[in-house]
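Colleague: please work out how this folds:
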Amino acid sequence: MKEKIQEAYALYTRQIDAIFQEISTQSEDRLNHRTNSGWSALQTVHHLLLVEEGSLRYIKKKMSHDPILNRVGSGARFRSLLLWISLQSPFKFKAPKTVSEEHFPERSSLPELRARWQDVQQSWQDYLEQMPSNWLDKAIYRHPRAGLLGWIQVIDFFRHHTARHAKQIRRAIASANEIM
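Modeller: A predicted model of the protein is given here:
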């Protein structure tokens with residue numbers, strides 16, 4: 001089970017690497033250009049980074065108290081499915097305050113964001129590697145809208161959330177290319 005969780009996280013990190021590879025050819029001005037309807041490409045990347053950082057911080061804090069945890073059951077899998085459906089929908093959702101634009105800069109640098117994300121990814125990999133086996137089948141994360149999720153559902157959320165925002169990143173770059 002631990003290997004399955006680590007493999008899911010590795011797949012997710014490849015998704016992030018592909019996004020950074022895709023946007024690396026753009027100028028910082030284009031990446032920092034805000035669209036009329038929302039965030040710049042780098043602000044969107046920053047949002048994704050904050051989600052991953054905050055999620056790890058939450059899990060570390062929760063697990064440091066040696067909580068009594070429920071097993072992941074069909075309810076968590078169902079909530080994960082509903083979360084996936086909502087992330088596939090065309091509807092916009094307001095970002096939770098802790099990962100909203102008030103927490104990221106107006107302008108940022110792609111290399112700085114990439115380096116910070118690599119640190120976060122390494123922290124995740126280290127945490128997953130040292131994770132005790134009795135945590136593997138537990139609901140460890142409370143998503144703001146979907147409720148309690150297990151490890152695989154958390155990583156699935158990251159993947160689907162990132163895929164949704166990758167479209168937003170591409171739209172922001174396209175908008176910048178039209179203007180610049």
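Colleague: residues in contact with stretch 112-132?
Modeller: Stretch 112-132 has contacts (CB atoms under 8 Å, 6 or more residues apart in numbering) with 2, 5-6, 9, 13, 16, 20, 42, 45-46, 49, 52-53, 56, 59-60, 151. In short, each C-beta sits where N, CA and C put it, glycine included.
Colleague: now do the helices in the protein.
Modeller: Ranges of helices in the chain, per DSSP state H, are 2-23, 28-32, 41-64, 74-88, 110-130, 151-179.
Colleague: same list, those helices, but as CSV with distance to residue 144 please.
Modeller: Putting these into CSV (distance: least, CB to CB, whole Å) gives the following:
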stretch, distance to residue 144
helix 2-23, 19
helix 28-32, 27
helix 41-64, 10
helix 74-88, 10
helix 110-130, 19
helix 151-179, 11
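Colleague: want to throw those into a markdown table with mean pLDDT, distance to residue 136 and mean neighbour count?
Modeller: As requested, the helices of the chain are exported to a markdown table (pLDDT from 0 to 100; distance: least, CB to CB, whole Å; neighbours: other CB atoms under 10 Å):
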| stretch | mean pLDDT | distance to residue 136 | mean neighbour count |
| --- | --- | --- | --- |
| helix 2-23 | 96 | 6 | 15 |
| helix 28-32 | 96 | 38 | 18 |
| helix 41-64 | 95 | 12 | 19 |
| helix 74-88 | 87 | 13 | 15 |
| helix 110-130 | 96 | 10 | 14 |
| helix 151-179 | 94 | 7 | 18 |
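Colleague: of all those, which lies closest to residue 98?
Modeller: Closest to residue 98 of the helices of the chain, according to CB to CB: helix 41-64, at 5.7 Å.
Colleague: and the pLDDT at the closest residue to residue 27 other than its chain neighbours?
Modeller: Spatial nearest neighbour of residue 27, excluding adjacent residues (CB to CB, 6 or more residues apart in numbering): residue 180 at 7.9 Å. Looking at residue 180, its pLDDT is 71.
Colleague: got it, and residue 104?
Modeller: 87.
Colleague: ok, it - contacts?
Modeller: Counted by CB under 8 Å, 6+ apart, residue 104 has contacts 43, 46, 47, 50.
Colleague: how close does it sit to residue 47?
Modeller: Distance of residue 104 to residue 47, computed by CB to CB, to the nearest Å: 7 Å.
Colleague: ditto for residue 159
Modeller: 15 Å.
Colleague: and what of residue 66?
Modeller: For residue 66, the distance to residue 47 - CB to CB - is 32 Å.
Colleague: what's the answer for residue 53, then?
Modeller: Applying CB to CB, the value for residue 53 to residue 47 is 11 Å.
Colleague: what of residue 4?
Modeller: 28 Å.
Colleague: need the contact list for the residue nearest to residue 27.
Modeller: Residue 180 makes contacts with 27, 29, 30, 33, as judged by CB under 8 Å, 6+ apart.
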